[in-house]
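In: Give me coordinates for this.
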Amino acid sequence: MHNDTGPFEFRCLICGKAITADVCIDHRICKISQLPEEGHDDRDLLPLGAIEMTSYGHYGTAFFDPCDDGTQVAALICDDCMEERSDRLMYIDKQRRLSPFNKAMGEFKARSEATRST
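Out: Next comes the predicted model:
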């Protein structure tokens, strides 16, 4: 059952684990675990131990595709769930080319280690 009336608690989309975030409110860094009632600018929401995934929507989805109005859907996914499912992730490079995430991270690690050893 969806709770659309209570406070919006930060939870992992996959496992449901509670997530806290650092956020700047009134020029102070605060830890929060739910979305402030007045809403908040997403540019300074820093989930701790999680990643914020966003999408403008895509052709083919029936869930969210507002047709280029600039709005986005967002989800928080905890680091544990990302790590456990990293074999399902894709990496997008600066030229927008897709590759398997674990392969790309392995190549980064190898290049980094080669640079350090020279």
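
In: Send me the lowest-mean-pLDDT helix or strand in the chain as PDB with only the CA atoms.
Out: One helix or strand of the chain scores below all others by mean pLDDT, DSSP states H and E: strand 21-25, with a mean of 85. Provided in PDB are the C-alpha atoms of strand 21-25 (Å, rounded to 0.1, in the frame of the first residue of the first chain):
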ATOM      1  CA  ALA A  21      21.000  12.800   3.300                       C
ATOM      2  CA  ASP A  22      23.000  15.900   3.900                       C
ATOM      3  CA  VAL A  23      21.200  19.100   2.700                       C
ATOM      4  CA  CYS A  24      21.800  22.800   2.900                       C
ATOM      5  CA  ILE A  25      18.900  24.500   4.800                       C
END
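
In: Partner strands of it, with direction?
Out: Taking DSSP bridges as the criterion, strand 21-25 pairs within the sheet with strand 28-32 (antiparallel), strand 46-47 (antiparallel).

In: what angle sits between the next helix or strand after the shortest one and strand 21-25?
Out: Looking back up the chat, that one is strand 46-47. Going down the chain from strand 46-47, the next helix or strand is strand 50-55, by DSSP states H and E. Per axes from the mean of the first three to the mean of the last three CA atoms, to 10 degrees, the angle that strand 50-55 makes with strand 21-25 is 70 degrees.

In: Quick one: mean pLDDT over the helix ranked longest in the chain.
Out: Longest helix of the chain, by residue count under DSSP state H: helix 101-117. Taken as a whole, helix 101-117 has a mean pLDDT of 91.

In: so what does it touch, helix or strand wise?
Out: strand 90-92 (3 or more CB pairs under 8 Å, 6 or more residues apart in numbering; DSSP states H and E). For glycine as for every other residue, the C-beta is placed from the backbone atoms N, C-alpha and C.

In: how about the strand it packs on: buried residues?
Out: Across strand 90-92, burial judged by 16 or more other CB atoms under 10 Å covers no residue at all.

In: For the least confident helix or strand of the chain, which outside residues touch it?
Out: Strand 21-25 has contacts (CB atoms under 8 Å, 6 or more residues apart in numbering) with 10, 29-33, 36, 40, 44-48, 50.
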